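>>> below: sequence and its predicted model.
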Amino acid sequence: MKAKVASWRYSRGSRSLLHNLQVPSSQTSSSISASSKDIKEEEDEDYDIPEEMEEIIEHLLNGLRDMNTPVRWSAAKGIGRLTGRLPQELADEVVGSVLQLFSFQESDVAWHGGCLALAELGRRGLLLPSRLPDVVPVVLKALAYDEKRGSHSVGAHVRDAACYVCWSFARAYDPEVIHPYVNDIASSLVITAIFDREVNCRYAASAAFQENVGRQGTFPNGIDILTLTDYYAVGKRSTTYLETSYKIAQFELYTIPLIEHLYKVKSNHWDRLIREQTGQALHKLTPLALEYMAETVIPFLLPLTTSIDLNTRHGAVFAVAEIIHSLYEHSQANSIKLVDLIGSSVVETIKGLTRKMDSSMMFRGVSGELMRPAACFLIRKCSISKLPFHDDAEFINHWRNILEDNIQCLQIYNPDIQKAAVSALKPFISEYLKIEGVGKTGVADELVDRYISLMTGVSQFAKEGFAMALGSLPGFIVKGHFKQILFALIATTTLTGKASEDGKYAESRAQALASIASLCETMGVDVSGDPMNCVCADNINSIYDCFFEAMKDYTTDNRGDIAAFVREHCMYSLEKVTCLILRSNPEMFTKETCERLMCCLVQQSCEKIDRIRNVAGEIILRLVYSDDPSIPYIPNHQEIMQIFPRSDIVGLNWAAPSDIFPKVTELLKLDIYRYSVILGLTVSVGGLTESLVKHSSQSLTGYLNRLQDGVELSAFANTLLDVFKNFHKVDRVTVSMLKMINILVTYGCFNNMEEKRKYLSSRITRFVQERNIQN
């Protein structure tokens, strides 16, 4: 068939944006009318259609269902070219055949191929305006196409192609033609641009929306929304869900469509993170449609909280909890009761949710992995929202049992479940176990004794969970029990000396250290206070001694250096407690404590684990340059500031060996830090990782070879011997030390100290012989 332009095709007129801006709209309309008149006046052309054409078109339509994307794309191009050479009646039949692909009996590849074909037909003007009532609805369905397949879904390519169709419509049709569908297309594109899981679909929807705003000029609030959904704005999903959606929902046309899509579509999405972000987004959007949320959304979601589908009920519980919390915030701001806003029937339904979940065995098996944290989240939000359950003691005990069961993790161990239960514990106790500012009679004693008893038991998960729980208790429970809780947590951080138990309980030690810091923040600091109620002169030394002992924890098991978690939590806790003391009672912070603190941090900043180095280094710089509060007694404060200028707070990557070791080796010239630096460098220089050994050894040998003063080199050698002597029974240090000494001798670091080298060799040899004799 000869190449030609179909006389019956839809022609918009000028495609130049510059021309469209320069020519008045009246002239543009008149030129289009004249062009249409000329087409009508044309005589019908003779079409010479080969007999094989029907078979070829059928083959191309089948190509739209092919599994390979290039085949579908080529088939769509072929359909576009052939349709332009057919009479209008036959071309319309081709369009109808393409529309048949948009059936839920067809696979996702057929939907994708159909979208590509529609885009090609629209771009070439072969989709006449009379076909738009059939085409636009299927395109809107394609924009929301998401079919679950096991633990994932397919449909991202379909949504991306549907955005291409919308983009082609913007270039193909006059604003008057597309006007009846503008609101639906605009809402669907905005929803895809901010709520789609895949970033490429958000980019495509943003581009299609931009094209429609520029070409059509009739999209509601087009320019304003375009600035909110540009290429960079839609790149991060958390931002689009929690920030962009709220800004766009302030335009009335988009408010209800956005909310409707969230609670009807995204709340039962297969991805857990999407469901949780949906709840957060609904929390943000609730103030913009209070009545709609209270009267429509909540009644729709409540029956779904006990749905047979796991994803549906999980997402519904999160959404209901977030909406209730948002409505409570509104009621507080406007001095109205939450019950009046949502109705007593909703409150009663929420009250019965956890019982219904428990009786339906939704907390067991795979379902429990999701529904347990969801139930804890619901309890937390209801407690914050102060739902009126205070007089029902049996129900309060039911909620308490749920939280404590999930803290112990007797049936299912999952750190996320424990964290969700612990985060719900404090608001629950503060709201339902408190009467006029104090705890209910006997509740504090019973809670503290029970939690300490469970923490000191043999269950690994219970120790970890109740260590977190004790740190999250509200002040009115801890008051009068601070000393009891503090020393129970300190005892939990103490090593037993049995490798199997110490490795097993490493996570509980880490949580106990974090809880000590949380307790200190909860109860505050008073130098002359009662040790039963706060941090004071009587217990501050015990707290710091506990932290400094934890910094020496290097327990290993089959997972490796499992105690790295302990040291990491310990460093954060040291920083919190130190800043708390200096803001409240700086006289309690002594020079000796500061020296021990800085030496511990410096040692960790030289060691082999990147994450630990990063944490230690960042804390060092925060303390050195802290103004609120200012940290006194830092040894060699000015020298540290010269080695690590203020710009290093942002610019220095402590996790990169090539960046950090040339700097930390400079601390060897400071007497008070030399022992800690050598101890830290030993395990790095004598380590196994090639890049770590390379950069740490180069930095150390380079520093030693630059030393001209024999006194400094002798001091280094003596400190090296002290480290070896103190740790000669610790394989972690001695084996690495021997490797490091071999490297130092190989690079001639002691060539100028013949006597010192012989002395060093003899002392190390004697230490090794003594150890062998003892073994």
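Arrived safely.
>>> report the buried residues of stretch 332-350.
338, 341, 342, 346, 347, 349, 350 (16 or more other Cβ atoms under 10 Å). Any C-beta I mention is one placed from the backbone N, CA and C, and that applies to glycine too.
>>> again with stretch 736-748
Buried-residue list, stretch 736-748, by 16+ other Cβ under 10 Å: 736, 737, 739, 740, 741, 743, 744, 747.
>>> from the chain's centroid, how far away is that stretch?
43 Å (Cα atoms, centre = their mean, to the nearest Å).
>>> one more: stretch 585-603?
34 Å.
>>> show residues contacting it.
525-527, 537, 540, 544, 548, 551, 571, 574, 578, 581-582, 616, 619-620, 623, 629, 631-635, 664, 667, 672-673, 675-677, 679-680 (Cβ atoms under 8 Å, 6 or more residues apart in numbering).
>>> tell me which of these fall in strands.
Judged by DSSP state E, strands contain none of the contacts of stretch 585-603.
>>> can you tell me which of those residues are buried?
Buried, going by 16+ other Cβ under 10 Å: 525, 527, 540, 544, 548, 551, 571, 574, 578, 581-582, 616, 619-620, 623, 629, 631, 634-635, 664, 667, 673, 675-677, 679-680, out of the contacts of stretch 585-603.
>>> ok, residue 131 touching residue 92?
Yes: Residue 131 is within contact range of residue 92, at 7.4 Å (criterion: Cβ atoms under 8 Å).
>>> save the buried residues of stretch 736-748 as TSV, and put in pLDDT and secondary structure too.
Compiled in TSV, those are given as follows (pLDDT from 0 to 100; DSSP: H, G, I helix; E, B strand; the rest coil):
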residue	pLDDT	secondary structure
736	92	helix
737	89	helix
739	91	helix
740	91	helix
741	87	helix
743	90	helix
744	86	helix
747	83	coil
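>>> wouldn't residue 250 be in contact with residue 288 here?
Yes: counting by Cβ under 8 Å, residue 288 is a contact partner of residue 250 at 6.5 Å.
>>> how about the secondary structure of residue 103?
Recorded secondary structure, residue 103: coil (DSSP: H, G, I helix; E, B strand; the rest coil).
>>> and the pLDDT at the nearest residue to residue 707 once chain neighbours are set aside?
Nearest residue to residue 707, sequence neighbours excluded (Cβ to Cβ, 6 or more residues apart in numbering): residue 713, at 5.0 Å. Looking at residue 713, its pLDDT is 82.
>>> so where's this protein shaky on pLDDT?
By pLDDT under 70, the low-scoring segments of the chain are 1-6, 12-48, 435-441, 708, 752-775.
>>> show me where it has its strands.
Taking DSSP E as the test, the strands found in the chain are 147-149, 152-154, 434-435, 438-439.
>>> those into TSV, with extra columns for distance to residue 689 and mean neighbour count?
As requested, the strands of the chain are exported to TSV (distance: least, Cβ to Cβ, whole Å; neighbours: other Cβ atoms under 10 Å):
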stretch	distance to residue 689	mean neighbour count
strand 147-149	40	12
strand 152-154	35	13
strand 434-435	52	14
strand 438-439	52	16
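>>> would you turn those strands into JSON lines with distance to residue 166?
Rendered in JSON lines, the data for the strands of the chain read as follows (distance: least, Cβ to Cβ, whole Å):
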{"stretch": "strand 147-149", "distance to residue 166": "21"}
{"stretch": "strand 152-154", "distance to residue 166": "21"}
{"stretch": "strand 434-435", "distance to residue 166": "55"}
{"stretch": "strand 438-439", "distance to residue 166": "60"}
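>>> residue 556 is nearest to which of those?
In terms of Cβ to Cβ, the element of the strands of the chain nearest to residue 556 is strand 152-154, at 37.1 Å.
>>> the closest one pairs with which strands, parallel or anti?
strand 147-149 (antiparallel) (DSSP bridges).
>>> gap between the strand it pairs with and the chain center?
24 Å.
>>> longest single helix anywhere in this protein?
Using DSSP state H, we find that the single longest helix of the chain is helix 310-333.
>>> can you pull the buried residues of it?
So, applying 16+ other Cβ under 10 Å, buried residues of helix 310-333: 311-331.
>>> what is the neighbour count of residue 670?
Neighbours of residue 670 under the rule other Cβ atoms under 10 Å: 16.
>>> against residue 642, how distant is it?
According to Cβ to Cβ, to the nearest Å, residue 670 and residue 642 sit 11 Å apart.
>>> show me the helices in the stretch 601-750 of the chain, by range?
Along the stretch 601-750 of the chain, the stretches classed as helices by DSSP state H, counting those that start in this stretch are 610-624, 637-643, 648-651, 657-664, 671-685, 690-706, 710-726, 731-746.
>>> does anything pack onto the first one? Which helices or strands?
Other helices and strands packing on helix 610-624, by 3 or more Cβ pairs under 8 Å, 6 or more residues apart in numbering; DSSP states H and E, are helix 564-584, helix 591-605, helix 637-643, helix 648-651, helix 657-664.
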